[in-house]
Each structure stands twice: as structure tokens, then as C-alpha cells.
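**Q** Sequence unavailable; structure follows:
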């Protein structure tokens with residue numbers, strides 16, 4: 001566990017460095033209409049590492065579960081909305097729509113259980129997920145689908161670990177049952193992401 005915390009701390013520091021580097025490089029860009037996609041990709045990869053490390057630190061308290069699950073849902077909804085607008089393939093657009101629908105439903109299912117557990121759901125994204133959303137918005141049309149699916153693979157791996165971990169070791173019966181119910185849905189989302197990643201690049205979807 002100590003190693004996981006140390007790794008997470010190092011990864012958080014790397015995210016901060018990447019964010020600062022991005023600000024510096026975009027402050028005086030040669031082309032004001034572009035962003036540094038390499039820096040954004042590195043930032044996304046580091047954010048994924050932070051999520052993977054934090055998700056494997058067990059057991060997760062009920063408060064931590066509520067916070068992490070709630071932020072995950074909010075990120076998925078916001079990212080899905082962006083994908084519906086910026087996605088270049090029909091598959092990515094459809095997946096984004098499914099994320100909005102499914103994670104809105106999951107949020108609504110969790111609300112009464114969270115209240116019964118005496119906890120308060122998060123009201124907004126954390127800095128890590130805000131950075132992911134920023135990078136989705138900054139992605140060029142040519143890069144968007146790849147960026148989105150890469151983020152989705154990492155996010156669903158993290159969410160699956162969270163759900164399975166709390167379902168096994170959580171201390172609130174209602175939320176444990178909800179996590180167990182959610183895990184297969186998250187796995188199905190992850191399987192779909194991998195299927196989309198395996199497809200050859202498609203022609204842009206018609207608007």
C-alpha cells in the first residue's frame with residue numbers, strides 16, 4: 001500500500017509539471033490555433049497512472065467510494081457530451097451518447113443509497129478529471145477519437161477496480177450491492193472501448 005501511495009504522489013507531481021509545461025508552451029505558440037498534443041497526451045497518460053494507483057489502494061472507505069464513483073460519473077457524462085459533438089466516427093459518437101445515458105442512470109441509482117449511508121456526493125470534478133476534459137476540448141478533429149478512447153480505456157479500468165473492490169470489501173451493504181451491480185456494466189463499457197480501438201479509422205460521421 002505504501003508503494004502505491006508513493007507512486008500516486010509521484011504521478012500527481014508529474015501531472016502538475018505537465019500542466020505547467022502546457023501553459024508555458026501554449027502561452028506563446030507559433031500557431032495560436034493549435035495546442036501541444038504531445039504534452040496533452042503525456043498529461044492524460046500520467047492522469048491514468050494516478051487513477052490506476054489510487055484505485056488499487058484497498059480497502060476503500062465508503063466516503064472515498066462515494067467521492068470517486070461520483071466524480072467518475074460526472075467525468076463520463078461531460079466527456080460523453082463532448083464526444084457526441086466532436087467525435088469523428090459514428091461509433092465514438094454513439095459511445096459518447098451511451099456514456100451520458102448510462103452514467104446519468106448510475107448517478108440516479110446511487111443517490112438514495114448515498115443518502116442512506118449518510119454521505120454527500122461530490123458536486124464537481126477534481127483537478128485530474130478537469131485536465132482530461134480540457135484535453136478533450138483541445139484535441140484536434142483528427143486526434144479526437146484516439147484521445148477520447150484512450151481516456152475511456154483508462155477511466156473504465158479505474159472504475160472497474162473501484163466497483164469490484166468496494167463490492168468485495170465495502171462497509172455499506174446498500175452501496176456494496178450497487179457496486180456489484182455496476183461492475184458488469186462498467187466491464188461492458190470497457191469491452192466496447194477496446195472494440196472501437198481495434199477498428200480501422202473510419203470516415204468522419206456526418207453531422
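**A** Nice, I can see it. Source: prediction; values computed, not measured. Numbers count the residues shown, from 1 in each chain.

**Q** what about the strands in this structure?
**A** Along the chain, counting by DSSP state E, no stretch forms strands.

**Q** which stretches of it have low pLDDT?
**A** 1-59, 202-207 (pLDDT under 70).

**Q** how many other residues sit next to residue 105?
**A** 12 (other C-beta atoms under 10 Å). C-betas here are computed from N, CA, C, even on glycine.

**Q** repeat for residue 63
**A** Neighbours around residue 63, by other C-beta under 10 Å: 12.

**Q** got the phi/psi numbers for the residue nearest to residue 61 when sequence neighbours are not counted?
**A** Closest residue in space to residue 61, ignoring its immediate chain neighbours: residue 171 at 7.6 Å, by C-beta to C-beta, 6 or more residues apart in numbering. Backbone torsions of residue 171, given as degrees, to the nearest 10, read phi -110, psi 10.

**Q** Relative to residue 116, how far out is residue 171?
**A** 13 Å (C-beta to C-beta, to the nearest Å).

**Q** what's the answer for residue 148, then?
**A** Using C-beta to C-beta, residue 148 is found at 35 Å from residue 116.

**Q** Between these two, which has more neighbouring residues?
**A** Comparing residue 148 with residue 116 by other C-beta under 10 Å, the one with more neighbours is residue 148, at 27 against 12.

**Q** Now do that one against residue 78, distance only.
**A** Residue 148 is 12 Å from residue 78, by C-beta to C-beta.

**Q** Could you do residue 192 as well?
**A** 19 Å.

**Q** swap in residue 70?
**A** Distance from residue 70 to residue 78, by C-beta to C-beta: 13 Å.

**Q** what's around the closest residue to residue 100 other than its chain neighbours, how many residues?
**A** Ranked by C-beta to C-beta, 6+ apart and with sequence neighbours excluded, the top spatial neighbour of residue 100 is residue 80, at 4.1 Å. By other C-beta under 10 Å, the residues close to residue 80 number 23.
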